[in-house]
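Visitor: Make a model of this:
(one chain, ligands or ions: 1)
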Amino acid sequence: MSQVSPKIGFVSLGCPKALVDSERILTQLKVEGYEIVPSYQAADAVVVNTCGFIDAAVQESLDAIGEALHENGKVIVTGCLGKRSELIREAYPEVLSISGPQDYASVMSAVHTALPPQHNPLLDIIPDTGIKLTPKHYAYLKISEGCNHRCSFCIIPSMRGDLVSRPVDQVLLEAEKLAKGGVKELLVISQDTSAYGVDLKYAEREWRGKAYRTRMTELCQGLSELGVWTRLHYVYPYPHVDEVMPLMAEGKLLPYLDIPFQHASPRILKLMKRPGNIDRTLERIRNWRTAVPDITLRSTFIVGFPGETDAEFEELLDFLREAELDRVGAFAYSPVEGARANDLPDPVSEELKEDRLERFMAVQAEISAAKLQRKLGRTLTVLVDEAGAQGAVARSSADAPEIDGVVHITDGQGLKPGQFVQVVVEDADDHDLHARLAQPLLKVV
Ligand code: SF4
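Guide: Predicted structure coming up:
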């Protein structure tokens, strides 16, 4: 008699790090014989992986839990908001279980209690790389959990704990499997990629018969052997970041750095308790651009941090004009429950925060648009994300998925996701490029 697999619905909220947690839980569920279903009605129970980073995310997570309870009734909550279980219990006392981020064991034990597994050895074989929530051709590669810094606006360390790095051989093995499984772009993520391996004292491990230290530079050297795009996120401007420039100049690592500067005024950065020293940042950026003229620099900033004066805001705008960053995200400061920055004096009024955010974005929009205009007529290699009757949407080395711009290929109808092609840029708007194939596709008759 055939067994019926218990069915689980899954709601994944939050950042790429939470997405990686979701992928791990989904993989484990599948290994144990659970079926993942796409609707509340078809599910026997629902797992909600929550985010608790800012107040808006908390509300979104609470709403998602409420919806799952209403539509299904059996709900297991995990993720960052799980660290604030009292908040969830107060709103929804009927949830079956609450656990924090990376607590896969608690999620699985709650699932076992609600729906005992019915293991069937004939169930689908799970690929070595697990279940991925991103499209087949790119994957997030999480190299560590937690963070040793204590930025005053952030509660991640209290939710996720201190830095715990994955040994370099484990990360390289996972990356190798992903590349063998068809992934064309690896997105390295952590809370602080530059700090990778500090907790392991840069332990040496072996991969493909060669010694590598658990350290950012050596990790990048290993990843560059895989013949896929590797993109670095959440890098802090420490001196050793200079060490990866040669790999970028040789085309072995994408010429792209995502560096969350957050501000440019030394006093505000001190109040934020940010790692890294801003004093030499402009000089370092100049040196990177000399070594790798094509480098794309992305960053995020917070405006209206408590105590930010007009002069300090102007200092930030001056930095922006001088640094000419390619991609920039900005937020008006919003208090996060439990963050020490909430106790700082002289909060900036909502009106002033919004006004500064608008001015900040206007300055950056001009810079970004001018930088994109300089790409007109250039030939770029791009990775295709999707294609249809309107053409294809792809990304160049300058575009990380979800957060940056895209390249629209007007004659890309015959392309396939995951394909690398060369295009000639014909037009640009504030964020995106418009291009044609450098060589028309051959028509198969
Ligand atoms: S570096 Fe700062 S902002 Fe980033 S996770 Fe660590 S404490 Fe939070």
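Visitor: For stretch 146-160, which outside residues touch it?
Guide: Stretch 146-160 is touched from outside by 52-53, 80, 83, 100-102, 145, 161-164, 191-192, 195, 198-199, 262, 271-275, 302, 305, 333, 336-341, 344, with contacts defined as CB atoms under 8 Å, 6 or more residues apart in numbering. (C-beta placed from N, C-alpha, C; glycine too.)
Visitor: Please go through those and note which also touch the ligand.
Guide: When contact is defined as CB under 6 Å from any ligand atom, these meet the ligand at 191, 192.
Visitor: among the contacts of stretch 146-160, which ones are buried?
Guide: Among the contacts of stretch 146-160, the ones that count as buried by 16 or more other CB atoms under 10 Å are 52-53, 80, 83, 100-102, 145, 163, 191-192, 195, 198-199, 262, 271-272, 274-275, 302, 305, 333, 336, 339, 341, 344.
Visitor: Show me which positions of stretch 285-299 end up buried.
Guide: Residues of stretch 285-299 classed as buried by neighbour count (16+ other CB under 10 Å): 285, 288, 292, 294, 295, 296, 297, 298, 299.
Visitor: I misspoke; the intended subject was stretch 57-66.
Guide: By neighbour count on 16+ other CB under 10 Å, the buried set for stretch 57-66 is 57, 58, 60, 61, 62, 64, 65.
Visitor: and it, how far out from the chain's middle?
Guide: Here stretch 57-66 shows a centroid-to-chain-centroid distance of 20 Å under the convention CA atoms, centre = their mean, to the nearest Å.
Visitor: ditto for stretch 272-292
Guide: Per CA atoms, centre = their mean, the centroid offset for stretch 272-292 relative to its chain is 22 Å.
Visitor: Convert the C-alpha atoms of it to PDB, please.
Guide: What follows is stretch 272-292, C-alpha atoms only, in PDB (Å, rounded to 0.1, in the frame of the first residue of the first chain):
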ATOM      1  CA  MET A 272      26.700  53.800  15.200                       C
ATOM      2  CA  LYS A 273      29.700  51.800  16.500                       C
ATOM      3  CA  ARG A 274      30.500  50.800  12.900                       C
ATOM      4  CA  PRO A 275      33.500  48.700  12.100                       C
ATOM      5  CA  GLY A 276      36.100  50.000   9.600                       C
ATOM      6  CA  ASN A 277      37.800  53.400   9.500                       C
ATOM      7  CA  ILE A 278      36.200  56.000   7.200                       C
ATOM      8  CA  ASP A 279      39.300  58.300   7.100                       C
ATOM      9  CA  ARG A 280      41.100  56.400   4.400                       C
ATOM     10  CA  THR A 281      38.000  55.100   2.600                       C
ATOM     11  CA  LEU A 282      38.100  57.600  -0.300                       C
ATOM     12  CA  GLU A 283      41.700  56.800  -0.800                       C
ATOM     13  CA  ARG A 284      41.100  53.100  -0.800                       C
ATOM     14  CA  ILE A 285      38.200  53.500  -3.300                       C
ATOM     15  CA  ARG A 286      40.600  55.400  -5.600                       C
ATOM     16  CA  ASN A 287      43.200  52.600  -5.300                       C
ATOM     17  CA  TRP A 288      40.600  49.900  -6.000                       C
ATOM     18  CA  ARG A 289      39.500  51.800  -9.100                       C
ATOM     19  CA  THR A 290      43.100  52.100 -10.300                       C
ATOM     20  CA  ALA A 291      43.700  48.400  -9.900                       C
ATOM     21  CA  VAL A 292      40.200  47.400 -11.300                       C
END
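Visitor: List the contacts of that stretch.
Guide: Here stretch 272-292 has contacts from 149-153, 192, 195, 236-238, 241-242, 245-246, 248-249, 255, 257, 261-264, 266, 269, 295, 297, 302, 305, 319, 322-323, 341, using CB under 8 Å, 6+ apart.
Visitor: Helices of the stretch 151-300 of the chain, start to end?
Guide: Secondary structure of the stretch 151-300 of the chain, counting by DSSP state H, counting those that start in this stretch: helices at 156-160, 168-180, 216-223, 245-249, 266-272, 281-291.
Visitor: Including distance to residue 32 and mean pLDDT, could those go into CSV?
Guide: CSV is the format used below for those (distance: least, CB to CB, whole Å; pLDDT from 0 to 100):
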stretch, distance to residue 32, mean pLDDT
helix 156-160, 25, 83
helix 168-180, 21, 95
helix 216-223, 31, 98
helix 245-249, 40, 97
helix 266-272, 43, 94
helix 281-291, 47, 94
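Visitor: which parts of the stretch 101-250 of the chain sit against the ligand?
Guide: 147, 149, 150, 151, 154, 156, 157, 191, 192.
Visitor: Just the pLDDT at the fourth one, thanks.
Guide: Pointing back at residue 151 there. With respect to pLDDT, residue 151 scores 92.
Visitor: about what we covered before: please work out which of the helices of the stretch 151-300 of the chain is packed deepest.
Guide: Burial of the helices of the stretch 151-300 of the chain is given as mean neighbour count (mean count of other CB atoms under 10 Å); helix 216-223 ranks first at a mean of 23.
Visitor: packing partners for that one?
Guide: Under the contact definition 3 or more CB pairs under 8 Å, 6 or more residues apart in numbering; DSSP states H and E, helix 216-223 sits against helix 168-180, strand 185-189, strand 210-213, strand 229-232.
Visitor: Format those as JSON lines; extra columns: distance to residue 404.
Guide: Formatted as JSON lines, those follow (distance: least, CB to CB, whole Å):
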{"stretch": "helix 168-180", "distance to residue 404": "21"}
{"stretch": "strand 185-189", "distance to residue 404": "11"}
{"stretch": "strand 210-213", "distance to residue 404": "29"}
{"stretch": "strand 229-232", "distance to residue 404": "10"}
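Visitor: Give me the secondary structure label for residue 301.
Guide: strand (DSSP: H, G, I helix; E, B strand; the rest coil).
Visitor: May I ask which helix or strand encompasses the residue nearest to it when sequence neighbours are not counted?
Guide: Spatial nearest neighbour of residue 301, excluding adjacent residues (CB to CB, 6 or more residues apart in numbering): residue 330 at 4.7 Å. Assessed by DSSP states H and E, residue 330 sits inside strand 327-332.
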